[in-house]
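> coordinates only, sequence not included:
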């Protein structure tokens, strides 16, 4: 456990006011740069690249796009190329070379409506398997793309006939620990959480958290499934222990009332998968540590293995804004460095101290 003297602090290092609405921001791997994606007052898309220099964020490049940009990921690119995959308001998936970001290196009409969420896997020298991008949309579908193949998705998860179409708000890759296994988890506006097994092309597990699912993330993508954090509209998040799946009860979980309003994001610290940050609709950040139980599984009354949930401890929290903090991304290279954006049209670079002593 961390002692009071070693409690992490969340420090706002840089704050930059912008003249457009930012929806997503991502650190560019192996650099002191980050990219902001959003929507200009004219209704066009904005892509800006900033570099942190001498305690300031210097604008390096700005590009205007025809449609607002909603989300982005570097998860499917190599460290050499560092190509950014984005989803936009018109349902398009684009992949950009940020050195020459005027024309995409890959494009697909991914969905009939806005791409709400995107994630990537198989890139950045992490894990095994092919590079893939997953997109989730208001049209209710979740699709997986291989950037080496044009036009059509390699997997398409659609609502079953007869089911009402739900708005997919968030997607995440996980369980990618060899070159065959891989899962996609998706969260929907009605509280549905669905875990798809891409190897078997089947629905492996589903549950409902009774409130819209704003964000979900595996603690690591490149390992046998360990934990999944799911955040909701009502201020709660849920941590599911994915190591033991009971045939009836599914995965064990613990929930926490984290914020007074919507929990927009969850992001695990790359250097410690048991530490994660949640961002709130009231402009707050909460830093958490997951504590494992003494035993992660037990037998039920019929002798069937079932999981045992752990607990979560609040390490630190801070109010940064009066508006929702809608995106956050940890630096993959420098522990404790992160960037976040909020609806007050600001982007902030933060430093979280003393993470190395959180045990």
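Perfect, thanks for sending it. What you are looking at is a predicted structure, and each value in this text was computed from that prediction instead of being measured. Numbers count the residues shown, from 1 in each chain.
> just want the phi and psi numbers for residue 146.
Per-residue torsions, residue 146: phi -100, psi 110 (degrees, to the nearest 10).
> skipping adjacent residues, who's closest to it in space?
In space, and not counting its chain neighbours, residue 146 is closest to residue 154: 5.0 Å by C-beta to C-beta, 6 or more residues apart in numbering. Bear in mind the C-beta positions are built from the backbone N, C-alpha and C, glycine included.
> pLDDT score for that neighbour?
Per-residue pLDDT puts residue 154 at 94.
> does it really touch residue 134, like I thought?
No: counting by C-beta atoms under 8 Å, residue 154 stays clear of residue 134, with 10.1 Å between them.
> which residues do the two both contact?
Counting by C-beta atoms under 8 Å, 6 or more residues apart in numbering, the contacts common to residue 154 and residue 134 are 144, 145.
> comparing the two, which shows the higher neighbour count?
Set side by side, residue 154 and residue 134 show more neighbours around residue 134, with 29 against 14, by other C-beta atoms under 10 Å.
> who does the host helix or strand of the more buried one pair up with?
Assessed by DSSP states H and E, residue 134 sits inside strand 132-137. According to DSSP bridges, strand 132-137 forms sheet pairs with strand 115-121 (antiparallel), strand 142-145 (antiparallel).
> now it: mean pLDDT?
The average pLDDT within strand 132-137 is 98.
> show me how far that strand is from its chain's centre.
In terms of C-alpha atoms, centre = their mean, to the nearest Å, the centre of strand 132-137 is found 12 Å from the chain centre.
> again with stretch 343-356
Its chain's average C-alpha position is 16 Å from that of stretch 343-356, according to C-alpha atoms, centre = their mean.
> and if you look at stretch 100-109?
22 Å.
> buried ones in it?
Across stretch 100-109, burial judged by 16 or more other C-beta atoms under 10 Å covers 101, 104, 106, 108.
> one step back: residues in contact with the strand holding residue 134?
73, 75-76, 85, 87, 91, 93, 95, 110-122, 142-147, 154, 168-173, 182, 184, 186.
> quick check: closest non-adjacent residue to residue 262.
Once flanking residues are discounted, residue 262 sits nearest to residue 281: 3.8 Å by C-beta to C-beta, 6+ apart.
> surely the one you found and residue 234 touch.
No: with contact defined as C-beta under 8 Å, residue 281 does not reach residue 234; the gap is 10.4 Å.
> who has more neighbours out of the two?
Relative neighbour count places residue 281 above the other of residue 281 and residue 234, with 20 against 16, counting by other C-beta under 10 Å.
> and residue 46, that's in a helix?
No: if the criterion is DSSP: H, G, I helix; E, B strand; the rest coil, then residue 46 is strand and not within a helix.
> quick check, residue 183 in contact with residue 201.
No: counting by C-beta under 8 Å, residue 183 stays clear of residue 201, with 11.3 Å between them.
> residue contacts, the residue nearest to the spatial centre of the chain?
In the chain, the residue lying closest to the centroid (C-alpha atoms, centre = their mean) is residue 217, at 5.5 Å. The contact partners of residue 217, by C-beta under 8 Å, 6+ apart, come to 172, 228, 229, 266, 267, 268, 276.
> which helices and strands does the helix or strand containing the fourth one pack with?
Of the helices and strands defined by DSSP H and E, residue 266 is found in strand 263-269. Other elements packing on strand 263-269 under the criterion 3 or more C-beta pairs under 8 Å, 6 or more residues apart in numbering; DSSP states H and E are strand 213-218, strand 227-232, strand 236-246, strand 272-280, strand 325-330.
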